[in-house]
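*Asks:* when you get a sec, could you give me coordinates for this:
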Amino acid sequence: MLRRARERAILRIIDERPIQTQTELVGALAREGVSTTQATLSRDIQRLGIVKLPGAAGPRYTRPGPESAPPNPRRVLETALSEFALEIGPGDALLAIRTLSGCANAVAVAIDESGIDGVVATVAGDDSILVLCRDAEVRSRLTSELRSLAGL
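*Replies:* Numbering: from 1, shown residues only. The predicted structure follows:
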């Protein structure tokens with residue numbers, strides 16, 4: 001299914017009924033014939049600016065209101081790194097980042113969307129990320145910057 005159609009379905013579902021977890025939303029989408037993974041859904045939620053707000057029956061996903069600003073990509077990166085990154089180190093024009101198990105994708109998406117100059121691409125596994133840098137100078141600068149953001 002195309003991303004736009006999937007995103008429209010997500011917005012319609014959270015508008016129609018309270019959804020408290022991503023697993024619940026994946027199930028609601030599946031019941032409507034929309035097959036997606038939790039990782040893809042997580043990226044969709046971030047891209048759409050969907051927020052989780054407290055409600056009478058517990059927290060639920062909702063569209064951002066006019067008072068809520070879209071997430072700051074740099075702040076998202078800092079949060080992802082400080083919560084999940086375990087180690088950041090160079091590897092020629094590659095930068096290797098080890099994360100907690102299952103968290104590499106969240107950090108890689110945050111790096112990709114932060115628009116850091118000199119990052120060519122990221123490749124995420126379960127607990128590690130390879131960041132392809134333009135050159136060794138970029139890799140050195142990026143290693144220091146990411147270590148600082150991660151508090152390592």
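
*Asks:* residue 82 versus residue 118, what's the distance?
*Replies:* Using C-beta to C-beta, to the nearest Å, residue 118 is found at 22 Å from residue 82. Just so you know, the C-beta spots here come from the backbone N, C-alpha and C atoms, and that holds for glycine as well.

*Asks:* check residue 100 too.
*Replies:* Residue 100 is 12 Å from residue 82, by C-beta to C-beta.

*Asks:* mind showing which ranges of the chain have poor pLDDT?
*Replies:* 1, 65-71, 89-92 (pLDDT under 70).

*Asks:* Provide a list of residues in contact with the residue sitting nearest the centre point of it.
*Replies:* The centroid of the chain falls nearest to residue 106 when counting by C-alpha atoms, centre = their mean (4.1 Å). Residue 106 makes contacts with 42, 80, 84, as judged by C-beta atoms under 8 Å, 6 or more residues apart in numbering.

*Asks:* helix, strand or coil for the residue sitting furthest away from the middle of the chain?
*Replies:* Outermost residue of the chain with respect to the C-alpha centroid, by C-alpha atoms, centre = their mean, is residue 56; its distance is 27.6 Å. Three-state assignment for residue 56 (DSSP: H, G, I helix; E, B strand; the rest coil): coil.

*Asks:* sorry, back to before: what helix or strand does the residue nearest to the centre of the chain sit in?
*Replies:* helix 104-114 (DSSP states H and E).
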